[in-house]
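Visitor: predicted coordinates and the sequence they were generated for:
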Amino acid sequence: MRIGSYQLRNRVLLAPMAGITDKPFRRLCAHYGAGLTFSEMMSANPQVWHTEKSKLRLAHSDDLGINAVQIAGSDPLEMAQAAAVNVEYGAEIIDINMGCPAKKVNRKLAGSALLQYPELVENILREVVNAVNVPVTLKIRTGWDKSNRNCIQIGKIAEQSGIQALTIHGRTRECLFEGEAEYDNIRAVKHAISIPVIANGDIDSAEKAKAVLDYTGADAIMIGRAALGNPWLFQAVDNFVEYDSIIQTPSLREKCGQILRHIQELHQFYGEQKGYRIARKHVAWYLQGIQPNSVFRQTFNTISDSKEQLIVLEEFLNSILDREKC
């Protein structure tokens, strides 16, 4: 699959997720086969462009592949300026967020709230596309609510505005993350426009990924929440989608080693004052796939020292490996 001038490694992408898709997590997902990873959502508000938090979100390195940055906002000129600033900082693809259902985002008329105003959508897309010399992509939902599914209309506006690829989450804003994602509307959009379409929503296995690609005709799929605590999912999906081959998941030993390295990277990336807090949620997600009924999480969450956190985590993981040998 291509986005503008960029050839992606494969058709399995990591979704941008606020508070999650930082540099350490993107690196891990890229290592296990994510063909493209996106930064966390960046606000178009000029007051936050040069903050420490924004700089962390923009952190990138060669082993992450293409530097794709997502921006969010509602003012066309601010969005254009934000895109240009991010390109100056090294963004190679700009993704526009019109899919986030969070109230704090929608209150500012950003994210999926914009789907109610197609003329404003068009203004934003044209301003951003004209402001940068890199590919611009768009992420949306199927509509604002079940009575107002206008993704075909938005898809046509996107294509006419110069958007290079469109990601569609198979829910409306009203649905939030409840119920099941549907793919009929993604399929309809794919039939209505010629730019690449990326299917998103509830893709949590290799079999589901292939079924969604086959049904919708989408050019790629995007995985979000299913990657939490399960970054090796990309490897399994890529092999099944591209080669119809089922591969074994990494060994428990490999998983434990990667978990430890990930937590170490979080400590280094965020610093000791913040890293141990970020690590807590990732360890909780990893435990769901390794030892879901463990009481270790409560113990781990009481630790407020990075070094102690690593020592305790390594001891716990070693105890799991020792039990596996028995």
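Guide: Sure thing, it's come through.

Visitor: can you show me the strands along the stretch 1-150 of the chain?
Guide: Under the criterion DSSP state E, counting those that start in this stretch, the stretch 1-150 of the chain contains strands at 2-3, 6-7, 12-14, 36-37, 42-43, 68-72, 93-98, 136-141.

Visitor: between those, which one is closest to H169.
Guide: strand 136-141 (4.9 Å; C-beta to C-beta). For every residue, glycine as well, the C-beta is placed using N, CA and C.

Visitor: and the closest one, which strands flank it?
Guide: strand 93-98 (parallel), strand 165-169 (parallel) (DSSP bridges).

Visitor: sorry, back to before: quickly, which of the strands of the stretch 1-150 of the chain bottoms out on average pLDDT?
Guide: Among the strands of the stretch 1-150 of the chain, strand 42-43 carries the lowest mean pLDDT, a mean of 84.

Visitor: and Y286, which of the strands of the stretch 1-150 of the chain is closest to it?
Guide: Among these, strand 12-14 comes nearest to Y286, with 16.7 Å by C-beta to C-beta.

Visitor: next, the contact list for A18, please.
Guide: With contacts defined as C-beta atoms under 8 Å, 6 or more residues apart in numbering, A18 is in contact with 40-41, 100, 102.

Visitor: returning to what we had before: buried deepest among the strands paired with strand 136-141, which one?
Guide: strand 165-169 (a mean of 27; mean count of other C-beta atoms under 10 Å).

Visitor: and it, how far out from the chain middle?
Guide: Strand 165-169 sits 12 Å away from the centroid of its parent chain (C-alpha atoms, centre = their mean, to the nearest Å).

Visitor: cool, stretch 259-276 as well?
Guide: For stretch 259-276 - counting by C-alpha atoms, centre = their mean - the centre lies 20 Å from the chain centre.

Visitor: please renumber the chain so that the first residue is 26 from this point on.
Guide: With 26 as the first residue, the last one maps to stretch 284-301.

Visitor: mind listing what's buried in that stretch?
Guide: Neighbour-count burial for stretch 284-301 flags 284, 287-292, 294-295, 300-301 (criterion: 16 or more other C-beta atoms under 10 Å).

Visitor: contacting residues around it?
Guide: With contact meaning C-beta under 8 Å, 6+ apart, stretch 284-301 is reached by 47-50, 52-53, 81, 84, 303-304, 307-308, 311, 328-331, 334-335, 338-339, 342.

Visitor: now that stretch: average pLDDT?
Guide: Mean predicted confidence for stretch 284-301 is 94.

Visitor: in this structure K171 contacts T197, no?
Guide: Yes. At 5.8 Å, K171 and T197 qualify as touching, with contact defined as C-beta atoms under 8 Å.

Visitor: look at these two and report which has more neighbours.
Guide: T197 (23 against 12; other C-beta atoms under 10 Å).

Visitor: now do the phi/psi pair for the more buried one.
Guide: phi -90, psi 170 (degrees, to the nearest 10).

Visitor: would you mind measuring from it to M42?
Guide: Note on T197: its distance to M42, by C-beta to C-beta, to the nearest Å, is 19 Å.

Visitor: filter the contacts of stretch 284-301 down to the buried ones, PyMOL style.
Guide: In PyMOL syntax, the buried subset of these is picked out as below (16+ other C-beta under 10 Å):
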select buried, resi 47+48+49+50+52+53+81+84+303+304+307+308+311+328+331+334+335+338+342
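
Visitor: rewinding a little: in a markdown table: the strands paired with strand 161-166, plus distance to E103.
Guide: Formatted as a markdown table, the strands paired with strand 161-166 follow (distance: least, C-beta to C-beta, whole Å):
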| stretch | distance to E103 |
| --- | --- |
| strand 118-123 | 12 |
| strand 190-194 | 22 |
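
Visitor: quickly list what M67 is bridged to.
Guide: I96.

Visitor: just give me the neighbour total for it.
Guide: Neighbours around M67, by other C-beta under 10 Å: 27.

Visitor: could you do G124 as well?
Guide: 28.

Visitor: tell me where the stretch 176-325 of the chain has helices.
Guide: 176-186, 209-217, 231-241, 258-268, 277-295, 297-315, 321-326 (DSSP state H, counting those that start in this stretch).
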